[in-house]
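Q: the sequence isn't on hand, but the structure is:
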């Protein structure tokens, strides 16, 4: 999942309008509340709120559907398995438990989806570093995020090379899948290590790690509404322990 | 600026010296071009000058080396980094952020420069690198040439006194290569205080950017003199085999592509493309990055499913044939040889394809043994493929593909970043395979190598073939359509 700049520009989306840390705290609070809710009806209401959050952030419904349809199918399987597989419990209870479990799952996943759709990894890392996270850890997060697509591309090339040598992915057997996985690890590791060497030289060659601190050309601002969102998020999470 | 005397470097675990008895003196503001074949020690010299050897990379170093008044052995990498900037071959591996401006600001921020100073350094560096228009772009959206400009700007933002460019055009197409060469020439003219060391195995490309040339071979300095007196052009280019002639005895068509359409989402990458390859013919495919060359190879191999069109192999339609079946008839070689090395023994690497398709080791043993002998790998059957040299890995790639006895061989940019000696080695192997009747389709960027390797050249632009001409005549055709960067002998 990646951020779509321009796709979302509502109050939750504009990265200049809500600090990534405020969004992160809001996400943690939302997950706590989602886990604390014990009534399927409330959980459904919460789901409505999360979807409203997507609308507020102007995440396009087509994108939301494309990215989450697998999750929806999985939550339906979760619901069905509770009804069909749980024994010695009355029918209504099984439905209620199944609904609660799948709604909790959906709420957490969709809240996380809202977060990653509206927050760039780079902005989050810079915000965390500027809030006090040691910059070495911040850049560890950044470089990891940066290399994910690259490693995916490398793995894809290696898989293509195997297919071109006759590994039968078009008629997959357990043996072919096992061989494919085994034969992917070595080439991807080798090419990745050479990239890591190159990156280390590049970063040290630009004095990364020279001082215990560093400056930032641009600060990610904290406005009053960020504090309001953080306060509300924490208050709701705490309240969920007392009221539910 | 640089004072080196009696420098010897040996990597831990290696018996051979990577650099031997190097003596070099470079004054402030000089531009020096260091050349030599791959593995001659150019990059090792760069790593010594930037302080990574001996501080970060395990190697034994003797002799003396002083850069910007700093003794490399006594000074830390960080102290040296404030005076020496190193731009590596592959820009992709050098970036640690997501956006151009953040990447260029990275160095000054690490030096604790105040934001206003960071911004002025960013602006100056982007302007020097001709990349001001890229400042708000994401790094992932940039082309290869643009990435190299940003990598250069990121190093220039550190305001180095010595700038080392380690084969900066190795992974670029001719258009981007020309831009980088022009940029370096401009930098030399405008920034008289900057000392430049350009490491390049195709030295004629940078003849306008340097005052002086040094040639390194097997770790030793062979030539050190003014660039005007250097005889590099004939010295290097003559190694390439002579131009191939279109052979009158070419066989029947082995591969025919008719009206091929292929797209990604809404974008059509191949637009009704037609081509043919005859038995024993080597056909070259040139064109800018993104013109559809790799997509075409992938579609022929069956790794992509074209939206329309027909692919005929030896006259039979294979458009609907599964990839695993095509792999018995078509071989494909990828750009990076490591991508195609999966197993822990050379022998297993050669037989893995047939074994995956259900053959027994006994059935494929005679073919595999013959190929291992033919490609000069018979002494390495039990060696781990990753321990082979680059040239041996490439030979192993060919052996492991040819074991299926394909009638067509597809090669995706096998010459990228390769020096002339390695290119010659591969051209000779392809010549032998073509003489055996294999039809070969090879993607490449280097016009000099491609015209010497191929019988016929196709030039692609935006998914269409604009030129289909004999290798000897392709230069004139390219000139006619204004693709000067691809004309042989231009770079």
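A: Looks like it arrived, so ask away. Quantities reported herein were computed from a predicted structural model and do not represent experimental measurements. Numbering: from 1, shown residues only, chains lettered A, B, ... in the order given.
Q: stretch A:82-90: how far from the chain's middle?
A: 32 Å (C-alpha atoms, centre = their mean, to the nearest Å).
Q: buried ones in it, by neighbour count?
A: Buried residues in stretch A:82-90, defined by neighbour count with 16 or more other C-beta atoms under 10 Å in any protein chain shown: residue A:82. From N, CA and C alone the C-beta is placed, and that goes for glycine too.
Q: end-to-end on it?
A: By C-alpha to C-alpha, to the nearest Å, the extent of stretch A:82-90 from end to end equals 12 Å.
Q: what's in contact with that stretch?
A: A:94, A:95, A:97, A:98, A:101, A:102 (C-beta atoms under 8 Å, 6 or more residues apart in numbering or on different chains).
Q: the same query, at a cut-off of 10 Å, please.
A: With contact meaning C-beta atoms under 10 Å, 6 or more residues apart in numbering or on different chains, stretch A:82-90 is reached by A:91, A:93, A:94, A:95, A:96, A:97, A:98, A:99, A:100, A:101, A:102.
Q: could you give me the PyMOL syntax to select whichever of those are buried?
A: Typed into PyMOL, the line below selects the buried ones among the contacts of stretch A:82-90, using 16+ other C-beta under 10 Å:
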select buried, chain A and resi 94+96+97+98+99+100+101+102
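Q: closest one of the contacts of stretch A:82-90 to chain B?
A: Comparing the contacts of stretch A:82-90 against chain B with C-beta to the nearest C-beta places residue A:102 closest, at 32.3 Å.
Q: so who does the closest one touch?
A: Contacts of residue A:102 by C-beta under 10 Å, 6+ apart are A:40, A:43, A:72, A:74, A:75, A:76, A:77, A:78, A:79, A:80, A:81, A:82.
Q: how far away is it from residue B:474?
A: Using C-beta to C-beta, to the nearest Å, one gets 63 Å for the distance from residue A:102 to residue B:474.
Q: can you name the residues that contact residue B:225?
A: Contacts of residue B:225 (C-beta under 10 Å, 6+ apart): B:212, B:213, B:214, B:215.
Q: what about 7 Å?
A: B:212, B:213 (C-beta atoms under 7 Å, 6 or more residues apart in numbering or on different chains).
Q: a helix runs through it, doesn't it?
A: No. Residue B:225 is assigned strand when assessed by DSSP: H, G, I helix; E, B strand; the rest coil, not a helix.
Q: rewinding a little: pLDDT check: weakest of the contacts of stretch A:82-90?
A: Lowest-confidence member of the contacts of stretch A:82-90: residue A:91, scoring 84 (pLDDT).
Q: and the helix or strand of chain A with the lowest mean pLDDT, which residues are buried?
A: Counting by mean pLDDT, DSSP states H and E, the weakest-scoring helix or strand in chain A turns out to be helix A:174-204, with a mean of 84. For helix A:174-204, burial by neighbour count (16+ other C-beta under 10 Å) applies to A:176, A:179-180, A:183-184, A:186-188, A:190-192, A:195, A:198-204.
Q: what about chain B: which of these touch it?
A: A:179, A:183, A:186-187, A:190-191, A:195, A:198-199, A:201-204 (C-beta under 7 Å from any C-beta of the partner chain).
Q: from chain B, how far off is the residue lying farthest from the centre of chain A?
A: Most distant from the centre of chain A: residue A:88, at 36.8 Å, with distances by C-alpha atoms, centre = their mean. As judged by C-beta to the nearest C-beta, to the nearest Å, residue A:88 and chain B stand 50 Å apart.
Q: ok so, going back, let me have the contacts of stretch A:82-90 in CSV, extended by distance to residue B:252.
A: Shown next, in CSV, are those (distance: C-beta to C-beta, whole Å):
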residue, distance to residue B:252
A:91, 72
A:93, 74
A:94, 70
A:95, 69
A:96, 73
A:97, 70
A:98, 66
A:99, 67
A:100, 69
A:101, 65
A:102, 62
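Q: okay, the contacts of stretch A:82-90 in CSV with secondary structure and distance to residue A:59 next?
A: Shown next, in CSV, are the contacts of stretch A:82-90 (DSSP: H, G, I helix; E, B strand; the rest coil; distance: C-beta to C-beta, whole Å):
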residue, secondary structure, distance to residue A:59
A:91, helix, 37
A:93, helix, 35
A:94, helix, 34
A:95, helix, 31
A:96, helix, 30
A:97, helix, 30
A:98, helix, 28
A:99, helix, 25
A:100, helix, 26
A:101, helix, 25
A:102, helix, 21
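Q: my read is that residue B:223 contacts residue B:215, right?
A: Yes. Using C-beta atoms under 7 Å, residue B:223 makes contact with residue B:215 at a distance of 4.0 Å.
Q: ok, the two, which is more surrounded?
A: residue B:215 (21 against 16; other C-beta atoms under 10 Å in any protein chain shown).
Q: can you give me the helices in chain A?
A: For chain A, applying DSSP state H gives helices covering A:20-36, A:40-56, A:61-85, A:91-118, A:121-130, A:135-164, A:174-204, A:224-243.
Q: of the ones you listed, which is nearest residue B:291?
A: For residue B:291, the closest of the helices of chain A is helix A:135-164, at 19.0 Å, according to C-beta to C-beta.
Q: just for the chain, where's the confidence low?
A: If you meant another chain, say so; for now it's chain A. A:1-16, A:168-172, A:244 (pLDDT under 70).
Q: correction: the question concerned chain B.
A: Looking at chain B by pLDDT under 70, you get B:231-249, B:491.
Q: can you put the helices of chain A in a markdown table and add distance to residue B:161?
A: Converted to a markdown table, these look like this (distance: least, C-beta to C-beta, whole Å):
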| stretch | distance to residue B:161 |
| --- | --- |
| helix A:20-36 | 38 |
| helix A:40-56 | 53 |
| helix A:61-85 | 49 |
| helix A:91-118 | 43 |
| helix A:121-130 | 30 |
| helix A:135-164 | 26 |
| helix A:174-204 | 18 |
| helix A:224-243 | 44 |
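Q: now do the domain split for chain B, please.
A: Domain assignment for chain B by automatic domain parsing gives B:2-237, B:253-486.
Q: does the shortest one come close to chain A?
A: Yes. Among the residues of domain B:253-486, B:301, B:303, B:322-324, B:327-328, B:332, B:334, B:336, B:338-342, B:352-353, B:356-357, B:386, B:400 lie within reach of chain A under C-beta under 7 Å from any C-beta.
Q: thanks a lot, catch you later.
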